[in-house]
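> below is the sequence, then the predicted model.
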Amino acid sequence: MSVEVVMPQMGESITEGTVSKWLKAVGEKVEKDEPLLEISTDKVDAEVPAPSGGVLLEIRANEGETVEVNSVVGVLGAEGESSASNQQSGNGNQQNVAQVEETKSQPVTEEAKPVVEETRNEPAEQTQAATASTRSETNPQSEIGNQQPSDATEVVMPQMGESITEGTVSKWLKAVGDKIEKDEPLLEISTDKVDAEVPSPVAGTLLEIRTNEGETVEVGSVVALVGAEGAVSSQQLAVSSQTSAGQKQAEQSTAQATGADVATPAQVTQTTQTSTSVSMPVGERKEIEEVEGRSYDYEQPEAVKEAAASVSGNGKSNGQGANDRGQMTIDELRRTKSSPLVRNIAKEHGIDISRIQGSGMSGRVTKKDIMSFIESGAALKPQDLLRKDAPIARQTQLPTTQTAQKTTFTAPPVVSAVGDRVEPMSVMRKKIAEHMTFSKQTSAHVTSVYEIDMTNVAKFREKNKAEFAARYGTKLSFMPFIFQAATNALRKFPIVNSQVSGEQIIYKGDINLGMAVALDWGLIVPVIKKADTLSLSGLALTANDLADRARMKKLNPDEVQGGTFTITNPGVFGGLFGTPIINQPQVAILCVGTIEKRPKVLTLPDGDDYIAIRSMSYFALTYDHRIVDGADGEKFLSYMKEYLETTKFTL
């Protein structure tokens with residue numbers, strides 16, 4: 001019995017995934033829980049194990065394709081067993097009958113009834129041919145999009161890191177017609193995390209470039225086609241399809257001129273539609289259903305209702321007008337499909353995202369768009385602006401917000417001098433500037449710095465690191481000691497482990513430590529969940545495991561979410577200390593400087609001073625001064641200092 005392999009749910013906010021690589025080919029044997037394929041989401045890259053043992057009968061989602069969660073991507077079964085797609089061919093007649101019955105159940109206008117009767121009396125093959133002809137005449141692009149080049153492989157915009165949703169083509173290293181080897185660099189891309197080269201997935205010839213240099217596209221989008229020399233590209237297919245559509249229209253015009261009884265495309269379209277009177281591609285209708293969270297058939301947007309009313313009132317619709325109004329509705333709904341951060345900001349301020357002109361992909365609203373909208377004062381509720389008795393201060397006051405109002409400032413002009421080199425900001429640099437500016441505008445940043453004597457920790461670590469490595473198979477670094485000190489300090493000062501929601505302070509029940517891990521392609525922050533429940537050994541094992549899997553792209557989405565306090569360690573690069581920017585929506589972040597031996601003045605019990613060599617480090621705590629007072633920050637660091645300098649640690 002065959003078993004379906006589905007796209008797994010990798011996190012509560014993830015709705016789709018991209019097949020990065022198939023580890024098995026059709027016909028190969030696979031054991032239960034053996035890695036079958038690799039997938040990429042907007043949070044993490046992961047391997048999908050086989051749900052059962054057997055043979056890979058069918059691959060339904062090719063490498064580079066993006067499919068929804070729970071969609072079937074492959075089929076497993078016993079050797080010699082046929083896959084589900086082969087069995088479907090025997091059920092084709094039943095599907096045709098079901099389609100005809102569904103068509104019969106739809107209400108039709110007076111003009112459409114005779115056409116429906118003729119269609120019912122025709123054989124199934126003629127009905128399908130008429131439907132296909134109508135689709136190509138009504139929307140030739142939809143049929144062109146479904147055709148794939150012969151022997152061509154799609155090159156897609158890759159997922160380059162957690163939270164990255166789009167990339168910009170910086171430079172094409174090959175031109176159309178050039179030959180290319182497998183894994184040879186094909187193009188360069190830029191994201192908000194890293195710049196990288198994209199290798200060719202197969203050897204062959206570059207048939208088509210779909211994204212020009214400087215264009216930004218979403219992750220998973222097809223940017224090029226590579227195939228065998230002489231293969232047909234999609235552009236050639238489009239020309240062929242358009243020529244065929246033109247010939248069909250010419251034949252129809254000739255038939256109408258001679259008085260032949262030919263059904264118009266509008267009549268056939270009314271016969272084949274099953275849910276609405278508006279002609280709209282299936283993919284766009286599906287996108288509307290996803291955005292609205294309801295069935296498109298039963299609750300139509302106003303623009304679509306008007307088009308439907310036009311059809312029912314006149315017996316036929318103006319196809320161009322209906323398509324224009326449908327497209328207008330789609331564009332409005334696409335703008336609402338912004339990131340969760342943008343939707344949370346809009347919800348907090350009571351803003352209708354569709355009111356904002358988006359600058360992102362497909363008109364999507366970005367953080368920069370909504371922040372500019374708020375700062376302009378346009379987010380005020382209409383009733384506040386219309387009240388004549390409202391004081392002036394009330395009319396100009398923004399709703400309660402975490403973002404401070406930006407003072408109007410004009411940057412002084414910069415004049416280039418001889419010898420200066422001018423170059424545009426990279427996409428990654430612009431994104432970093434946007435993210436950091438948002439946090440600085442949200443929180444009132446203050447940093448306190450303490451010098452802590454780590455000699456107590458250094459001696460314990462030096463004495464036990466060999467035994468720890470032999471027992472657990474991993475190293476014992478300084479960080480587990482710092483994690484343990486931080487969790488104890490957070491329990492004692494819970495305001496540092498809180499979050500801000502409007503005018504409310506949320507004291508988090510769990511202590512989830514985020515630890516910044518530097519990667520070759522950017523930065524990721526895995527989270528140690530319920531860190532205060534772990535021993536020193538448990539913290540060391542968990543931290544090392546998360547860091548190792550982060551570098552191998554093996555983290556699950558829930559392992560990089562839910563942090564309540566973050567620790568960053570630039571000391572590994574030799575830095576004395578830093579003043580990091582808070583990881584929203586948290587209210588504090590701890591920066592650990594390098595641990596080095598320095599001369600320190602100490603005092604003997606009898607009061608005499610002496611100079612000794614000690615292992616010293618600077619700890620910097622950046623906190624949100626809206627709710628964390630300076631005294632709280634100082635007490636937090638003071639507690640950590642005492643804990644690290646005097647505690648008798650145990651593994």
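Structure received. Numbers count the residues shown, from 1 in each chain.

> Ser71 contacts Glu65, doesn't it?
No: counting by C-beta atoms under 8 Å, Ser71 does not reach Glu65; the two are 9.8 Å apart. All C-beta atoms are positioned from the backbone trio N, CA, C, and that covers glycine.

> contacts only, for Met1.
Gly77, Ala78, Glu81 (C-beta atoms under 8 Å, 6 or more residues apart in numbering).

> and if you look at Gln584?
Contacts for Gln584 (C-beta under 8 Å, 6+ apart) come out as Phe438, Ser439, Thr442, Ser443.

> and if you look at Ala61?
Met7, Val19, Val67, Ser71, Val73, Gly74.

> what do you get if the cut-off is 6 Å, keeping everything else the same?
Val19, Val67, Val73 (C-beta atoms under 6 Å, 6 or more residues apart in numbering).

> tell me the one of those nearest Leu476?
Nearest to Leu476 out of these is Val19 (C-beta to C-beta; 39.4 Å).

> now for the closest one, how many residues are close by?
Close neighbours of Val19, defined as other C-beta atoms under 10 Å, add up to 24.

> what do you get for Asp183?
Asp183: 11 neighbours (other C-beta under 10 Å).

> all helices of the stretch 1-150 of the chain, in order?
84-88, 92-104, 112-121, 124-138, 140-146 (DSSP state H, counting those that start in this stretch).

> what is the mean pLDDT for the first one?
Within the predicted structure, the mean pLDDT of helix 84-88 is 55.

> now do the longest one
Predicted confidence along helix 124-138 averages 46 (mean pLDDT).

> go on, the second one?
When the per-residue pLDDT values of helix 92-104 are averaged, the result is 48.

> what comes up buried for stretch 58-65?
Using 16 or more other C-beta atoms under 10 Å as the burial criterion, the residues of stretch 58-65 that qualify are Glu58, Ile59, Arg60, Ala61, Glu63, Gly64, Glu65.

> what about it, average pLDDT?
pLDDT averaged over stretch 58-65 gives 89.

> end-to-end on it?
With C-alpha to C-alpha, to the nearest Å as the measure, stretch 58-65 spans 15 Å from end to end.

> sorry, back to before: looking at the contacts of Ala61, which is nearest Gly419?
Here the nearest of those to Gly419, counting by C-beta to C-beta, is Val19; it sits at 50.5 Å.

> quick one, grab the pLDDT at the closest one.
Looking at Val19, the pLDDT reads 88.

> these two touch, right, it and Glu65?
Yes: between Val19 and Glu65 there is a contact at 5.5 Å, judged by C-beta atoms under 6 Å.

> just to revisit the earlier point, just send the contacts of Gln584 back as JSON lines, with neighbour count, secondary structure and pLDDT too.
Below are the contacts of Gln584 laid out as JSON lines (neighbours: other C-beta atoms under 10 Å; DSSP: H, G, I helix; E, B strand; the rest coil; pLDDT from 0 to 100):
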{"residue": "Phe438", "neighbour count": "18", "secondary structure": "helix", "pLDDT": "83"}
{"residue": "Ser439", "neighbour count": "18", "secondary structure": "helix", "pLDDT": "88"}
{"residue": "Thr442", "neighbour count": "20", "secondary structure": "helix", "pLDDT": "90"}
{"residue": "Ser443", "neighbour count": "26", "secondary structure": "coil", "pLDDT": "92"}
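
> buried set for stretch 644-651?
Neighbour-count burial for stretch 644-651 [16+ other C-beta under 10 Å]: Leu644, Phe649.

> now do the end-to-end distance for it.
Taking C-alpha to C-alpha, stretch 644-651 runs 15 Å from one end to the other.

> ok, stretch 490-505 next?
End-to-end distance for stretch 490-505, by C-alpha to C-alpha: 15 Å.

> show me which positions of it end up buried.
Neighbour-count burial for stretch 490-505 flags Leu490, Phe493, Ile495, Val496, Asn497, Ser498, Gln499, Val500 (criterion: 16+ other C-beta under 10 Å).

> hang on, the earlier thing: take the contacts of Ala61 and keep only those in strands.
Val19, Val67, Val73 (DSSP state E).

> what about the second one, distance to Glu166?
Okay, so that is Val67. Shown here: Val67 relative to Glu166, a distance of 19 Å by C-beta to C-beta, to the nearest Å.

> can you check which strand is longest in the protein?
Max-length strand for the chain by DSSP E is strand 609-624.

> what comes up buried for the following helix or strand past that one?
Next in sequence after strand 609-624, counting helices and strands by DSSP states H and E, comes helix 630-646. In terms of neighbour count (16+ other C-beta under 10 Å), helix 630-646 has its buried residues at Asp632, Gly633, Phe636, Leu637, Tyr639, Met640, Lys641, Tyr643, Leu644.

> next: stretch 612-629.
614-625, 627-628.

> in JSON lines: these, plus distance to Arg343 and pLDDT.
Compiled in JSON lines, the buried residues of stretch 612-629 are given as follows (distance: C-beta to C-beta, whole Å; pLDDT from 0 to 100):
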{"residue": "Arg614", "distance to Arg343": "51", "pLDDT": "96"}
{"residue": "Ser615", "distance to Arg343": "47", "pLDDT": "96"}
{"residue": "Met616", "distance to Arg343": "46", "pLDDT": "97"}
{"residue": "Ser617", "distance to Arg343": "41", "pLDDT": "96"}
{"residue": "Tyr618", "distance to Arg343": "39", "pLDDT": "97"}
{"residue": "Phe619", "distance to Arg343": "36", "pLDDT": "97"}
{"residue": "Ala620", "distance to Arg343": "33", "pLDDT": "96"}
{"residue": "Leu621", "distance to Arg343": "31", "pLDDT": "97"}
{"residue": "Thr622", "distance to Arg343": "27", "pLDDT": "97"}
{"residue": "Tyr623", "distance to Arg343": "27", "pLDDT": "97"}
{"residue": "Asp624", "distance to Arg343": "23", "pLDDT": "95"}
{"residue": "His625", "distance to Arg343": "28", "pLDDT": "95"}
{"residue": "Ile627", "distance to Arg343": "24", "pLDDT": "94"}
{"residue": "Val628", "distance to Arg343": "27", "pLDDT": "95"}
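
> what are the boundaries of the helices in the stretch 451-600 of the chain?
455-472, 479-492, 536-551.

> now, of those helices, which is deepest in the fold?
Across these, averaging neighbours per residue (mean count of other C-beta atoms under 10 Å) puts helix 479-492 on top, at a mean of 22.

> what residues does that one touch?
457, 496-497, 511, 513, 531-532, 536, 539-540, 543, 565, 636, 639-640, 643-644.

> again, only using 7 Å
Residues outside helix 479-492 that contact it (C-beta atoms under 7 Å, 6 or more residues apart in numbering): 457, 496-497, 511, 513, 528, 531-532, 536, 539-540, 543, 565, 567, 569, 590, 592, 636, 639-640, 643-644, 649.

> Pro35 contacts Pro49, correct?
Yes: at 5.9 Å, Pro35 counts as touching Pro49 under the criterion of C-beta atoms under 7 Å.

> which non-adjacent residue is nearest Arg598?
Nearest residue to Arg598, sequence neighbours excluded (C-beta to C-beta, 6 or more residues apart in numbering): Met616, at 4.7 Å.

> beta partners of the one you found?
When assigned by DSSP bridges, Met616 has beta-bridge partners Asp453, Glu596.

> tell me the contacts of it?
With the criterion set at C-beta under 7 Å, 6+ apart, Met616 makes contact with Glu451, Asp453, Met454, Glu596, Arg598, Lys600.

> same question, Glu34
Glu34 is in contact with Pro49, Ala50, counting by C-beta under 7 Å, 6+ apart.

> now it. Its backbone dihedrals?
With angles defined as degrees, to the nearest 10, Glu34 sits at phi -80, psi 140.

> ok so, going back, what's the most distant pair in the buried residues of stretch 612-629?
So, the buried residues of stretch 612-629 by C-beta to C-beta: farthest apart are Arg614 and Ile627, at 35.1 Å.
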